[in-house]
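>>> Mind folding the following:
(one chain, ligands or ions: 2)
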Amino acid sequence: MTTFSPKHLAPMDAYNQKLLADVHPPDWVDPQPAEMYDLVVLGAGTAGLVVAAGAAGLGLGLKIALIERNLMGGDCLNVGCVPSKTIIRSARTIGEIWKARELGIKVDNFEVDFEAVMERLRRIRSQISHADSAARFANLGIDVFLGDGSFASKEAIAVGDKILKFKKAVIATGTRAAIPNISGLREAGFLTNETVFSLVERPRRLAIIGGGAIGCELAQTFGRLGCEVVLLHRGSRLLTKEDPAAADILQQVLAKEGVKLVFNCQVQQVTTSDAGKTLTYNNSGREETITVDEILIGAGRTPNLESLNLAAAEVASDTKGVRVNDYLQTSNPKIFAAGDICMKWQFTHAADAAARIVIKNTLFSPFGLGKTKLSSLVMPWVTYTDPEIAHVGMSEDDAQQAGIEFDTIKVSMSKVDRAITDGETDGFVSITHRRGSDEILGATIVSSHAGESISHITTAMVNKIGLGKLSNTIQPYPTQADGIKKAADAYRKTLLTPRNQKLLGLLAKLS
Ligand SMILES: Cc1cc2nc3c(=O)[nH]c(=O)nc-3n(C[C@H](O)[C@H](O)[C@H](O)COP(=O)(O)OP(=O)(O)OC[C@H]3O[C@@H](n4cnc5c(N)ncnc54)[C@H](O)[C@@H]3O)c2cc1C
Ligand SMILES: NC(=O)c1ccc[n+]([C@@H]2O[C@H](COP(=O)([O-])OP(=O)(O)OC[C@H]3O[C@@H](n4cnc5c(N)ncnc54)[C@H](O)[C@@H]3O)[C@@H](O)[C@H]2O)c1
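Ligands and ions are numbered 1, 2, ... in the order given. Got it, this is the predicted structure:
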């Protein structure tokens, strides 16, 4: 039986008890290890779960072990996508209420019940946790071990006093919040994604360090839920990995909603007093201070490597994580990796896609034949702010670096009827294509449902459908996805050269 104490799971109400019973049952008894495993998977976040379930689901009688030291489901279910998107839903409603008057609806009074918002988060999370549960995976025929796994040799992993020998192993141990080295921060105390979703009381004043995906999503969310939010970002604009025009729209929206944005900011120290936690920071050369009740860190990730004893398995790593080749194979040919621990794309769907590649490359590529490359994936992602910012494929910078000649077509949402009727014209569709061809290289969409719309373009790219065919694809009127068709139509118009016009004129005369 394990002696696990869920230090970050609070409060221990009925919902969190249900979650725990699913993803780290307090009375769990590890099985006796098999003599030899076909596959041992280290870490039961998205990547590990998909590898284990995918391999077991083939019905080939493979012997599979899955090891998790904390909560099965990893970041996504417990302290990432699921809790964040659940409170983002509540915050969206507040955004709608703010907009109500513009839509002709008077809402004079409303109140945010922060406790109820957070209780809903815990309820929803516990409602879907069964899919990632120890019981479900054991029922799939997988040996589930709840404990800290570390390599004992090139061919074995230790978990507690048990040794699991493997033919192949997969490292899927993910990441955790990187904590910036700021004097007084640890003493003052801070929140990370591991603790922020356990809040039961609304902090009146909240400082967020880092203006990436976590910082932006949660600054808007907690701002809408009634906190005074300051976002301290060291870059000169938010969401450094996104199209600057997309970041610009978000900056304007956040500022309008009352989130204080500080750029080019270096937090130097944190001190504590009766007034709260005071951060001293350098704002473009000026020293400033701000006093808050809580500090949330969203300043990037650090890989979960320390306890793995990678040296024993001769697996190479660096500060970013486990090193892999394009087949997700580590320096030990029997050991693969998937998910945040080894990838620049740190998303649940990326971990899922990588896990599928790993199943194929570990189990179904005899003599290394028929392996799939990570670089073959077309990767979309979405930042769930309001408006959403969605991207797929290459950015203009990527294309430039790859030496590809390109053109970009951009359509403002203010030209899309449905966005106008919805009062959601902050945004655009931008599609980058190979110059002189309709091949789509990448796209960014900023709109209230950009996350849904981007899939049209992802599907087109995966199936090598160009802008010409997208222009022929009928979008129902009026939808915001019509912006994609407008961009494709705009590409078509570029084909109307004087020579083509002459030809068309001739055809018209002859018809
Ligand atoms: C706040 C937040 C919001 C997010 N929102 C989104 C979103 O909306 N969409 C999206 O696509 N992505 C989102 N992400 C990213 C997403 O959560 C990750 O990309 C995804 O969880 C990665 O899965 P993984 O399996 O690689 O790693 P993890 O989910 O980190 O799983 C790794 C597991 O390994 C375990 N482990 C580590 N070391 C050991 C060991 N030695 N022995 C045994 N077990 C070990 C850990 O306990 C953990 O359970 C978000 C992340 C955060 C933090
Ligand atoms: N919707 C989504 O898919 C989603 C949502 C949240 C998180 N995530 C994933 O989680 C990962 C981690 O998110 P994140 O926001 O922590 O990382 P991030 O890398 O996206 O952004 C962190 C930002 O913080 C800044 N920063 C770092 N140290 C700082 C400091 N001391 N002071 C001020 N700014 C500082 C960095 O310059 C960077 O721009 C992301 O890479 C993303 O893949 C995804």
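>>> quick one: the residue in the stretch 201-350 of the chain that ligand 2 sits nearest to from Thr319, how far?
With CB to the nearest ligand atom as the measure, Gly212 is the residue of the stretch 201-350 of the chain nearest to ligand 2, at 1.8 Å. C-beta: built from backbone N, CA, C; applies to glycine. According to CB to CB, to the nearest Å, Gly212 and Thr319 sit 18 Å apart.
>>> just Leu305 next, same as before
9 Å.
>>> repeat for Leu328
19 Å.
>>> Among the two, which residue is more densely surrounded?
Leu328 (27 against 8; other CB atoms under 10 Å).
>>> I'd assumed Ser376 was in contact with the more buried one.
No: between Leu328 and Ser376 there is no contact under CB atoms under 8 Å: 11.7 Å.
>>> for Ser430, what are its contacts?
Asp243, Ala245, Thr408, Ile409, Lys410, Val411, Ala443, Thr444, Ile445, Ala487 (CB atoms under 8 Å, 6 or more residues apart in numbering).
>>> was I right about the third one contacting Glu396?
Yes: at 6.2 Å, Thr408 and Glu396 qualify as touching, with contact defined as CB under 8 Å.
>>> who touches both of those two?
In terms of CB under 8 Å, 6+ apart, Thr408 and Glu396 are both contacted by the residues Thr432.
>>> Enumerate the beta-bridge partners assigned to Asn283.
Cys265, Arg286 (DSSP bridges).
>>> Show the pLDDT at it.
Asn283 is assigned a pLDDT of 86 by the prediction.
>>> how close does it get to Ala219?
17 Å.
>>> which one of those two has more residues nearby?
Between Asn283 and Ala219, Ala219 has the larger neighbour count (other CB under 10 Å), namely 30 against 14.
>>> give me the element Ile124 is part of.
helix 114-128 (DSSP states H and E).
>>> Now the element after that helix, going C-ward?
With elements assigned by DSSP H and E, the helix or strand that comes after helix 114-128 is helix 134-139.
>>> Return the list of helices and strands in contact with that next one.
helix 14-23, helix 46-56, strand 143-146 (3 or more CB pairs under 8 Å, 6 or more residues apart in numbering; DSSP states H and E).
>>> Point out the most buried one among the ones you listed.
helix 46-56 (a mean of 26; mean count of other CB atoms under 10 Å).
>>> Buried ones in the next helix or strand after that one, by neighbour count?
The C-terminal neighbour of helix 46-56 among helices and strands, as given by DSSP H and E, is strand 64-68. Neighbour-count burial for strand 64-68, counted by 16 or more other CB atoms under 10 Å, picks out Ile64, Ala65, Leu66, Ile67, Glu68.
>>> quick one: is the helix or strand following strand 64-68 near ligand 2?
Going down the chain from strand 64-68, the next helix or strand is helix 74-79, by DSSP H and E. No: looking at helix 74-79 against ligand 2 by CB under 6 Å from any ligand atom, there are no contacts, and the closest approach is 8.0 Å.
>>> per-residue confidence averaged over helix 74-79?
Here the average pLDDT along helix 74-79 is 98.
>>> Same check on stretch 103-118?
96.
>>> Ser447 is in contact with Asp482, isn't it?
No: Ser447 lies out of contact with Asp482 (CB under 8 Å); the separation is 10.7 Å.
>>> Compare these two (neighbour count), which wins?
Ser447 (28 against 22).
>>> And the closest residue in space to that one that isn't next to it in sequence, its phi and psi?
Spatial nearest neighbour of Ser447, chain neighbours left out: Gly427 (4.1 Å); criterion: CB to CB, 6 or more residues apart in numbering. Main-chain torsions, Gly427, degrees, to the nearest 10: phi 160, psi -180.
>>> So which residues on the stretch 301-450 of the chain come close to ligand 2?
Counting by CB under 6 Å from any ligand atom, the residues of the stretch 301-450 of the chain that sit close to ligand 2 are Arg301, Gln346, Phe347, Trp381, Val382, Thr383, Tyr384.
>>> Go again with 5 Å.
Proximity of the stretch 301-450 of the chain to ligand 2, by CB under 5 Å from any ligand atom, involves residues Arg301, Gln346, Phe347.
>>> mind checking pLDDT for the closest residue to Lys106 other than its chain neighbours?
Excluding its sequence neighbours, the residue lying closest to Lys106 (CB to CB, 6+ apart) is Ala100, at 7.3 Å. Looking at Ala100, its pLDDT is 96.
>>> Quick check: Ala100 touching Val107?
Yes: contact criterion CB under 8 Å: Ala100 and Val107 qualify, at 4.6 Å.
>>> Listing request: residues of the stretch 151-300 of the chain with sub-threshold pLDDT.
The model of the stretch 151-300 of the chain has no residue with pLDDT under 70.
>>> Show me what residue of it gets nearest to ligand 1.
Gly174 (2.0 Å).
>>> Run through the residues that contact that residue.
Gly43, Gly45, Ala47, Gly74, Asp75, Pro303, Asn304, Gly339, Asp340, Ile341.
>>> and the stretch 51-200 of the chain, which of its residues are near ligand 2?
Pro180.
>>> quick one, what contacts the residue nearest to Ser447?
By CB under 8 Å, 6+ apart, the contact set of Gly427 is Ile249, Pro387, Ser412, Met413, Ala419, Ile445, Val446, Ser447, Ser448, Ala450.
>>> quick one, phi/psi of Thr432?
phi -100, psi 130.
>>> was I right about it contacting Ile457?
No: using CB under 8 Å, Thr432 is not in contact with Ile457; the gap is 10.6 Å.
>>> so which of the residues of the stretch 301-450 of the chain next to ligand 2 are also by ligand 1?
Near ligand 1, by the rule CB under 5 Å from any ligand atom, you find Gln346, Phe347 out of those.
>>> would you list the residues of the stretch 301-450 of the chain next to ligand 2 in CSV and tack on neighbour count, pLDDT and secondary structure?
Listed next are these as CSV, based on neighbours: other CB atoms under 10 Å; pLDDT from 0 to 100; DSSP: H, G, I helix; E, B strand; the rest coil:
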residue, neighbour count, pLDDT, secondary structure
Arg301, 20, 98, strand
Gln346, 19, 98, coil
Phe347, 20, 98, coil
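>>> ok, so of the residues of the stretch 301-450 of the chain next to ligand 2, who is nearest Ala275?
Arg301 (31.7 Å; CB to CB).
>>> Much appreciated, bye for now.
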